[in-house]
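*Asks:* Starting from these lines, generate the structure:
(3 chains)
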Amino acid sequence: MQERKNIGEKIYELACELFPINRSITGRGVRETLRIIQRELSDLQIHEVPSGTQCFDWSVPREWNICDAYIIGPDGKKIADFHENNLHVVGYSTPVDKTVSLSELKRHLYSIPEQPDAIPYVTSYYEERWGFCIEDKKKALLKKGEYKVYIDSTLKHGSLTYGEIIIPGNSEKEVFLSTYICHPSMANNEVSGPVVTTFLGKWLQSLRSRKYTYRIVFVPETIGSIAYISFNLGQLKKHVIAGFNVTCVGDERAYSYLPSRSGNTLADRVAIHVLNHISPDFKKYSYFNRGSDERQYCSPGVDLPVVSVMRSKYREYPEYHTSKDDLKFISPEGLSGGYNSLKQCLICLERNEILCMSNPCEPQLGRRNLYPTLGKKDMYNSLKIVMGLIGYCDGTKDLLEIAETTGLKMQDLFETVDKLKKEGILVKVDNDN
Amino acid sequence: MQERKNIGEKIYELACELFPINRSITGRGVRETLRIIQRELSDLQIHEVPSGTQCFDWSVPREWNICDAYIIGPDGKKIADFHENNLHVVGYSTPVDKTVSLSELKRHLYSIPEQPDAIPYVTSYYEERWGFCIEDKKKALLKKGEYKVYIDSTLKHGSLTYGEIIIPGNSEKEVFLSTYICHPSMANNEVSGPVVTTFLGKWLQSLRSRKYTYRIVFVPETIGSIAYISFNLGQLKKHVIAGFNVTCVGDERAYSYLPSRSGNTLADRVAIHVLNHISPDFKKYSYFNRGSDERQYCSPGVDLPVVSVMRSKYREYPEYHTSKDDLKFISPEGLSGGYNSLKQCLICLERNEILCMSNPCEPQLGRRNLYPTLGKKDMYNSLKIVMGLIGYCDGTKDLLEIAETTGLKMQDLFETVDKLKKEGILVKVDNDN
Amino acid sequence: MQERKNIGEKIYELACELFPINRSITGRGVRETLRIIQRELSDLQIHEVPSGTQCFDWSVPREWNICDAYIIGPDGKKIADFHENNLHVVGYSTPVDKTVSLSELKRHLYSIPEQPDAIPYVTSYYEERWGFCIEDKKKALLKKGEYKVYIDSTLKHGSLTYGEIIIPGNSEKEVFLSTYICHPSMANNEVSGPVVTTFLGKWLQSLRSRKYTYRIVFVPETIGSIAYISFNLGQLKKHVIAGFNVTCVGDERAYSYLPSRSGNTLADRVAIHVLNHISPDFKKYSYFNRGSDERQYCSPGVDLPVVSVMRSKYREYPEYHTSKDDLKFISPEGLSGGYNSLKQCLICLERNEILCMSNPCEPQLGRRNLYPTLGKKDMYNSLKIVMGLIGYCDGTKDLLEIAETTGLKMQDLFETVDKLKKEGILVKVDNDN
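*Replies:* Residues are numbered from 1 along each chain as shown, chains lettered A, B, ... in the order given. Below you'll find the model as predicted:
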């Protein structure tokens, strides 16, 4: 018997493959991650941006790579072994190989007293330091004595790496998807983003035709999106009609939405509509609660219509940025939900249009088999979609607004839209996207 | 001792006269109904539109008339006798005169299992068929055997009939009232509409002068309003500043409001204001819940400012479209409430205007006997209306908006408006209706 | 040990000095009050407007002065002695010196049955009459007999007196403060206004520089503000960007806000923001509940952006316009709260500006010591202000709007605004005030 994997299982499988890789904002982990994604999305272009490249107010940092890191305690046992969990070393740690006292060691140790079982995720990209992260309960047991600290890392001129794929559509107008690939082994706040985005890309490629062009990027967070914007600002501002920062789309606890800066773009409207129908009690954050690459995409002067449709938002679940955000925290069901909510957004964007009734008054729907020939008191329930469309298609409202106004699910309109267009009852208005 | 009837009793009396007539969208019942209304409103014009006349996407159907209809059961007893209740025959039934088995009969029988005592109202205007409507509990008792089915009807070239009256005012601008006359014996959802409209027309005719011209039509629903619009679209769009589809204005259960498509026309504002003061918990429906001739008047391309101010809305009470919507379901009190709410809307429209204070700062009201000469702490309560007017009449807000903003009842403003205009404190702004 | 008085105590001290003076809309009490205020604000100009001067629809009334007033009862005892409480005589009473019966006396006696211990405040500015105000419980005890009524007052050509001070700023644009000085001995609804305004003036004078010019007036209510507007309408409309009618700022029961007529001016926005942070449950009245000089400043044709930030609003506390609104009803704490809420409004106005990010994307804050160099999961809390500013300063929103949008307190932004301006990250947009 052949077992066919469902979409959630397939996405989870790719998450398991990407999870162990030690990523940072530069270095071999990013490249290895992008090569795996390239296997799934063969047209993915991999770009290298040399260290020192100026991007607006920023300079691309030196490239960081690491082979090994650990502490050896007074009893000769290894602690905080990088090969056991890559969160044990502070990101961008400079090399070190010396023996220190417990009190000096503690100045380089990071833990979370409130979460004694969790290894925190700590980085120091723009100031040179070295450090280790450990469970607070282990830190508490450390005895006085000499500790050997060893980090075999390099920080030197190299490049920042990112991936980009353009999936062409009938229009120059673009839908933009961005996700990040710069965190070591964490599942919801990292791996869920690139794997869901990869499968969205595969689905888009599989479509016979697309109205919009899709621009999908896999970038290191912050410096990667800033670099990408600095190279493409004009194109992005000219073409992007809606965008999604894909992050935290893997767990099952919640659905969440973070708006664009203006809060009322097409991307915002479609995200709210889709989430209202998937999970009416989804969490609505303010743009003030932002924390990922929408910080750049929506910044004044960039002003892209980019939102986040998420499961549990970064910073809002205790496992965030610790070793507890692992492959048990996400699931095939969680990933499938994240994937599906974004896919529904893209479908609604593709199908959104402004239509107008071709004649005054209602058309004679009965002779077109769109209205019962027998008038009875309960017939109206079956007519909601057709009555919604002929009532509100006035050449000023797009289908999304009509769905919002009537409370109908936008996806439920499409079949009847097609019939009414075929009958010449509804006609497309030119001036929409 | 002479008993004077109140307005509700007079309207109910006319309802009783119209109730028994067998109306449909064409035929003798419509004409008989219009002749009775013409007796009350002598200037009513009766128009005939020939079968086959093209009206936008529609064609006026053939004229249907019926003399008799019944079923005779195996026991020789009459069932579903048209002369007992005209709902027993499906509207627009083709003639039939034959004997059928019970099982064939049942394919032509309509009943409501959830309402076993009620005869449903069923029509088949645009597809030829014959049928009978009966109480479900009677249907359940029918025994096997031969049934004689007899319908003596005609469906042939003729005309569609409607009534129209124009009551002139000082302005070319019009207030539009439409009601329908196409249902057989049902009280709230049919007869209440034309009788209340008739008495509104009588009241309008009795006024010494009117600001607006009133256009009142009595049409068969859907095809009648479509035909009327097709003949008058330009006039309607040019002149109508507010309109009311008068339907379901006879029972005592509720007050209801159905907005125009845009929801914020003058008609909407006045309806909401009046109902807020008559019954603050009135039911607000969405335009998506429409179901009467506003489907045509508010349709894209027609775009008239037409709303419905109702008692219990069609489709929202169990008796709707059954034999239970009878003269016991409506009442003089219910009709009087429906009449009064619409009359108040018309009064507010007539008196609505944009006024402006003639000078900066408050006027000296005391010397005009509009303000107490003795200043005491509790004097302000008696000054609410004058303070509302002098505070908000700034040449941009009409009286309706001032009533809404202050929470005052618009009708309570008029006496003080007259005084302040007479004193030259308030002056009319030209650019309003 | 030296005791330094806090601001509330200083304001209360001045209130105690002004309280006993018998003020009316004209006369010696107004002049005496203004001379005391002039001692505190040496640049205060005192203006006299002759009786009979026409001000829009009004004429400045004759000047009223009073030396003595009392009733002597049948038992020879003094009742309603003006020297005991100046509320005992109806404001603008004409002179009288005669003997009347109890029943005639009662036609000239005012009391409040619901507040038997309180002397009401009654005036008759524009109709000649005489009268006395007494406690209702005393009125009830009056016995039949002859009563001597004596009022030694004059009502003759003179002038209306008001004070004005202009405190210059860098801009011609003005912030306007108005308060009134026309009530006899009442504390919250009168004295609190001029004393808080006096101390606001002293604070404004003490500033090294001011962005805005401050126009502060002390006027008799209604006729005084109408006269002032009639002389200065052009200047006021041209320059005033925000104004405050300072009244009822002395008790501790509540904070209240009364909007301008339009409700969305800069003054409204700043008042709401400040009160939201001082006392989130402050009372929001409608402009329809107005009752002080905003009746003139916000009237159609004047249209100034004037609001009231109050403690317990006039007409909304039982002691209002009675002898119970005395020095025990207000307090140093109450006055300090009233003073501080208005001062915070002025500070927010002074510091409000529209800023714009100088570059697309976030700046590199770390190297400017505005962002931690160590990335940890809990770091974001300390970054709210800087993230609020760099996220929302887009050249269209002023700082007040950014504070409202983010929920941050506007005053908490200023330090970071200064740092970001110094770093060139934020730049001022020219087209704001």
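*Asks:* I'd say residue A:387 and residue B:289 touch.
*Replies:* No. Using C-beta atoms under 8 Å, residue A:387 makes no contact with residue B:289, being 9.5 Å away. Placement of C-beta: from N, CA and C, glycine included.
*Asks:* Please state the backbone phi and psi of residue A:222?
*Replies:* Main-chain torsions, residue A:222, degrees, to the nearest 10: phi 60, psi -80.
*Asks:* meant to ask about residue A:91
*Replies:* Backbone torsions of residue A:91, given as degrees, to the nearest 10, read phi -60, psi 140.
*Asks:* Quick check: bridge partners of it?
*Replies:* Beta-bridge pairing for residue A:91 (DSSP bridges): residue A:123.
*Asks:* quick one: residue A:112 from residue C:374, how far?
*Replies:* 14 Å (C-beta to C-beta, to the nearest Å).
*Asks:* Give the residue from these two that has the larger number of neighbours.
*Replies:* Between residue A:112 and residue C:374, counted using other C-beta atoms under 10 Å in any protein chain shown, the more crowded position is residue A:112 (21 against 16).
*Asks:* what secondary structure does that one sit in?
*Replies:* Per DSSP: H, G, I helix; E, B strand; the rest coil, the secondary structure class of residue A:112 is coil.
*Asks:* So it is in contact with residue A:322, correct?
*Replies:* Yes. Here residue A:112 reaches residue A:322: they are 6.9 Å apart, a contact under C-beta under 8 Å.
*Asks:* any common contacting residues for these two?
*Replies:* A:118, A:120, C:377 (C-beta atoms under 8 Å, 6 or more residues apart in numbering or on different chains).
*Asks:* Quick check: of these, which lies closest to residue B:277?
*Replies:* residue C:377 (56.8 Å; C-beta to C-beta).
*Asks:* Just give the nearest non-adjacent residue to residue A:277, would you?
*Replies:* residue A:409 (4.9 Å; C-beta to C-beta, 6 or more residues apart in numbering or on different chains).
*Asks:* Up against chain B, what does chain A have?
*Replies:* A:356-357, A:359-364, A:366-367, A:373-377, A:380, A:384, A:387-388, A:390-395, A:405-407 (C-beta under 8 Å from any C-beta of the partner chain).
*Asks:* in chain A, what spans have low per-residue confidence?
*Replies:* Flagging of chain A using pLDDT under 70 yields the residue ranges A:1-3, A:431-433.
*Asks:* how about the helices in it?
*Replies:* Under the criterion DSSP state H, chain A carries helices at the ranges A:7-18, A:28-40, A:102-106, A:136-141, A:192-206, A:223-239, A:266-278, A:294-297, A:332-351, A:384-392, A:399-406, A:414-422.
*Asks:* deepest of those, which one?
*Replies:* helix A:294-297 (a mean of 26; mean count of other C-beta atoms under 10 Å in any protein chain shown).
*Asks:* Name the surrounding residues that touch it.
*Replies:* Contacts of helix A:294-297 (C-beta under 8 Å, 6+ apart): A:176, A:178, A:222, A:225-226, A:229, A:243, A:245, A:258, A:260, A:287, A:302, A:304, A:306-308, C:361-362, C:391.
*Asks:* can you rerun that using 6 Å?
*Replies:* A:225-226, A:229, A:245, A:304, A:306, C:361-362 (C-beta atoms under 6 Å, 6 or more residues apart in numbering or on different chains).
*Asks:* can you put the residues you listed in CSV and add distance to residue B:329?
*Replies:* Shown next, in CSV, are the contacts of helix A:294-297 (distance: C-beta to C-beta, whole Å):
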residue, distance to residue B:329
A:225, 66
A:226, 70
A:229, 67
A:245, 58
A:304, 59
A:306, 57
C:361, 68
C:362, 68
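*Asks:* which parts of the stretch 101-250 of chain A sit against chain C?
*Replies:* Residues of the stretch 101-250 of chain A that fall close to chain C, judged by C-beta under 6 Å from any C-beta of the partner chain: A:122-124, A:126-127, A:226, A:229.
*Asks:* hmm, which of those residues are the buried ones?
*Replies:* Among these, the ones that count as buried by 16 or more other C-beta atoms under 10 Å in any protein chain shown are A:122-124, A:126, A:226, A:229.
*Asks:* Now the residue nearest the centre of chain A: closest residue in space, sequence neighbours ignored.
*Replies:* The residue lying closest to the centre of chain A (C-alpha atoms, centre = their mean) is residue A:246, at 1.0 Å. Leaving aside its chain neighbours, residue A:246 sits nearest to residue A:179 (4.1 Å; criterion: C-beta to C-beta, 6+ apart).
*Asks:* on that earlier part again, take the buried ones among the residues of the stretch 101-250 of chain A next to chain C and lay them out in CSV including distance to residue B:26.
*Replies:* Converted to CSV, these look like this (distance: C-beta to C-beta, whole Å):
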residue, distance to residue B:26
A:122, 83
A:123, 81
A:124, 86
A:126, 83
A:226, 72
A:229, 68
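*Asks:* wait, which of the residues you listed is closest to chain B?
*Replies:* Nearest to chain B, judged by C-beta to the nearest C-beta, of those is residue A:229 at 40.5 Å.
*Asks:* so who does that closest one touch?
*Replies:* Contacts for residue A:229 (C-beta under 6 Å, 6+ apart) come out as A:296, A:302, C:361.
*Asks:* how much space between the residue lying farthest from the centre of chain A and residue B:147?
*Replies:* Centroid-distance maximum for chain A: residue A:374 at 50.6 Å, with C-alpha atoms, centre = their mean. Residue A:374 sits 21 Å away from residue B:147, going by C-beta to C-beta.
*Asks:* what's the answer for residue A:252, then?
*Replies:* Plainly put, residue A:252 is 61 Å away from residue B:147 if you go by C-beta to C-beta.
*Asks:* Who has more neighbours out of those two?
*Replies:* residue B:147 (23 against 17).
*Asks:* thinking that one is in contact with residue B:106, fair?
*Replies:* No. Between residue B:147 and residue B:106 there is no contact under C-beta atoms under 6 Å: 9.7 Å.
*Asks:* residues contacting residue A:253?
*Replies:* Here residue A:253 is in contact with residue A:312 (criterion: C-beta under 6 Å, 6+ apart).
*Asks:* again, but for residue A:52
*Replies:* Residues counted as contacts of residue A:52 (C-beta under 6 Å, 6+ apart) are residue A:59.
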